[in-house]
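Asker: here are the coordinates; sequence isn't available:
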DNA sequence: CAAGCAAAAAATATAGATAATTGCTGCGAC
DNA sequence: GTCGCAGCAATTATCTATATTTTTTGCTTG
């Protein structure tokens, strides 16, 4: 499954229900399991008992194995021969590594995207940003990351910025890292009671402005800062949670 | 299957025969199929008929599906729901993209490796280089890339350079790109009758010298040049081959 | 308390059933 | 005659159910 285009891809995921007849059980399972890992329903480190999961997802064991095998090559699942599958552990080190590499790759992709992107590209960014800001006006701002609509809009926005990048590999790797970091972000938001102090909306606004003004250096700087602040926020929350063993 | 350490990992692959009892059919199949794709036994674009492959590898269909599923998330195999698997096509664009991203990622990893690496790391580089240069003294220098020993030594050398890098993600991505480019390199060497004009040995020597002299800028420059020249060489050969349809 | 053994559980593989796709054949319209 | 298309047959992919192997667990015994 090679990554083609962010927006197309994400739309494709929403159309799952429409063309689910054409999809294999294994593909649907891979999506379901990945979602359940992202949303913490399958917690980090938990063993993935095949017969239990098979019953839970109402699917056969072999399609399930196939789904887990696929996820095992992208980091969400750890497979050990003859000892089955388990959800990959999370760690501060992995988060830091993820975000660091993300910054490196996304900055490369953003610069290239800004070089190639035309008015259509700009329009898609503005549209995605508009959708995201509308969803943001919810009564409870603190739990945004658990809202599927916001998650989708947020993802759309970030990939719209990069969509002018023509590197299949960069987009594939960035997507992998994005999903990895999403697990951390969601876990933290679930765990916290307090609302978020950061003004994420403003960060996104400034980032978009820099991009549309063709100021690549500033855009990369803002993007890096955006990620670093997310990292700090998550690390701080992880500290709180971890100190209750 | 998270990437742990280049040298460990590569050694692990050689020990497959020893601990094959503990490995699953699916894991072994994934290795076999990947090797056969790299060596052009399964040519680009070819359909992977499950019952044929099953007979050929003397294995059941489900472990085979599992193996192909795994390979499909790293680029060697393209899976299409309800229509099975096929070997991914090769293209000039993909090669260029692969090498470009490789340069970006390996330069980052190399700098970090040079910052972290100590005498043990230096020793491993020298040892790997020595092994490689010994294998290089074969009568027919033009077909080196088809020699398993040289491929192993060459891979060992490049990963030894990066082994000080502590980023799991970078190493995973670099490994993926390395394998991708290997398919192109091998295909070209198989197709050509003429011997290679480049002095690859000297490029490796200079690269190692720059690394051991702690000259990161020069090392990255040499590494980039090394990759670029490989790219040009492969592209030129692909042109020859493609012009005979 | 440790070592060894047996039973249970779980992972993996096989074989057979089902569903989808491909390709062919024949019919009819232009 | 050729093009288009419906319907059928054959192939192929996919899934389910079952069998086998491996690992884990828990008990017993020294």
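Answerer: Noted; the coordinates are in hand. Just so you know, these numbers come straight off a predicted model, no measurement behind them.

Asker: what residues does chain A put near DNA strand D?
Answerer: Within chain A, the positions adjacent to DNA strand D are A:24-26, A:59-63, A:66, A:82-83 by C-beta under 7 Å from any atom of the strand. Where you see a C-beta, it was placed from the backbone N, CA and C, and this is true even at glycine.

Asker: same for chain B: which of those are within range?
Answerer: Filtering these for proximity to chain B by C-beta under 8 Å from any C-beta of the partner chain leaves A:24, A:26, A:62, A:66, A:82.

Asker: now, which of these lie within helices?
Answerer: Applying DSSP state H to those, the entries found in helices are A:26, A:62, A:66.

Asker: Got a PyMOL select line for the buried ones in those?
Answerer: Filtering those down to the buried ones (16 or more other C-beta atoms under 10 Å in any protein chain shown) takes a single PyMOL command:
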select buried, chain A and resi 26+62+66
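
Asker: Output the ones in helices among the ones next to chain B among the residues of chain A next to DNA strand D as JSON lines; include the columns distance to DNA strand C and pLDDT.
Answerer: Shown next, in JSON lines, are these (distance: C-beta to the nearest atom of the strand, whole Å; pLDDT from 0 to 100):
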{"residue": "A:26", "distance to DNA strand C": "13", "pLDDT": "96"}
{"residue": "A:62", "distance to DNA strand C": "5", "pLDDT": "96"}
{"residue": "A:66", "distance to DNA strand C": "11", "pLDDT": "97"}
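
Asker: for the helix or strand harbouring residue A:238, packing partners?
Answerer: Element membership for residue A:238, per DSSP states H and E: helix A:216-242. The elements that helix A:216-242 packs onto, with contact taken as 3 or more C-beta pairs under 8 Å, 6 or more residues apart in numbering or on different chains; DSSP states H and E, are helix A:92-116, helix A:168-191, helix A:200-212.

Asker: Name the residues that touch the next helix or strand after the longest one?
Answerer: Right, helix A:92-116. Sequence-wise, the next helix or strand downstream of helix A:92-116 (DSSP H and E) is helix A:119-136. Contact partners of helix A:119-136, identified using C-beta atoms under 8 Å, 6 or more residues apart in numbering or on different chains, comprise A:7, A:113, A:144, A:147, A:149-150, A:153-154, A:156-157, A:160-161, A:163-164, A:201, A:204-205, A:208, A:211-212.

Asker: Residue A:214: what's it in contact with?
Answerer: Contact partners of residue A:214, counting by C-beta under 8 Å, 6+ apart, are residue A:114.

Asker: Next, give phi and psi for it.
Answerer: phi 60, psi 30 (degrees, to the nearest 10).

Asker: any idea how far it is from residue A:88?
Answerer: To residue A:88, residue A:214 is 39 Å away according to C-beta to C-beta, to the nearest Å.

Asker: hmm, back to that, for the helices and strands packed on helix A:216-242, which one sits closest to residue B:73?
Answerer: Residue B:73 sits nearest to helix A:168-191 of all the helices and strands packed on helix A:216-242, at 9.3 Å, using C-beta to C-beta.

Asker: For the closest one, which residues meet the burial criterion?
Answerer: Buried residues in helix A:168-191, counted by 16+ other C-beta under 10 Å: A:168-189.

Asker: again, but for stretch A:108-115
Answerer: Using 16+ other C-beta under 10 Å as the test for burial, stretch A:108-115 gives A:108-114.

Asker: Surely residue A:78 is within a strand?
Answerer: Yes - the assignment for residue A:78 by DSSP: H, G, I helix; E, B strand; the rest coil puts it in a strand.

Asker: pLDDT weak spots in chain A?
Answerer: In the predicted model, chain A carries pLDDT under 70 at residues A:1-21, A:136-146, A:193-197, A:240-245.

Asker: which bits of it sit near DNA strand C?
Answerer: A:21-22, A:47-51, A:61-62, A:65, A:79-85.

Asker: Filter those down to the buried ones.
Answerer: Buried residues within these, counting neighbours by 16+ other C-beta under 10 Å: A:48, A:62, A:65, A:79, A:85.

Asker: Looking at those, which one is closest to DNA strand C?
Answerer: residue A:62 (5.5 Å; C-beta to the nearest atom of the strand).

Asker: what's near enough to touch the closest one?
Answerer: B:62, B:65 are the contacts of residue A:62 under C-beta under 8 Å, 6+ apart.

Asker: ok, now residue A:153?
Answerer: A:128, A:131-132, A:135.

Asker: can you tell me the helix or strand for it?
Answerer: Per DSSP H and E: residue A:153 is located in helix A:148-162.

Asker: That helix: which residues count as buried?
Answerer: Neighbour-count burial for helix A:148-162 flags A:150-162 (criterion: 16+ other C-beta under 10 Å).

Asker: Around chain B, which positions in chain A sit nearby?
Answerer: Residues of chain A lying close to chain B (C-beta under 8 Å from any C-beta) are A:1-2, A:22-24, A:26-27, A:62, A:65-66, A:69-70, A:72-75, A:78-79, A:81-82, A:88, A:94, A:97-98, A:100-101, A:104, A:108, A:166-170, A:172-173, A:177.

Asker: per-domain residue ranges of chain A.
Answerer: Domain assignment for chain A, taken from automatic domain parsing, gives A:20-87, A:92-242.

Asker: Angles on the backbone of residue A:45, please.
Answerer: Main-chain torsions, residue A:45, degrees, to the nearest 10: phi 90, psi -10.

Asker: Check the one 4 residues further on too.
Answerer: Dihedral angles of residue A:49 (phi, psi; degrees, to the nearest 10) stand at phi -70, psi 120.

Asker: Put together CSV for the buried ones among the residues of chain A next to DNA strand C, with distance to residue B:43 on each row.
Answerer: CSV is the format used below for these (distance: C-beta to C-beta, whole Å):
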residue, distance to residue B:43
A:48, 36
A:62, 28
A:65, 28
A:79, 29
A:85, 32
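
Asker: and which of these is nearest to residue B:220?
Answerer: Checking these against residue B:220 with C-beta to C-beta, the nearest one is residue A:79 at 34.8 Å.

Asker: Distance of that closest one relative to residue A:73?
Answerer: Taking C-beta to C-beta as the measure, residue A:79 falls 9 Å from residue A:73.
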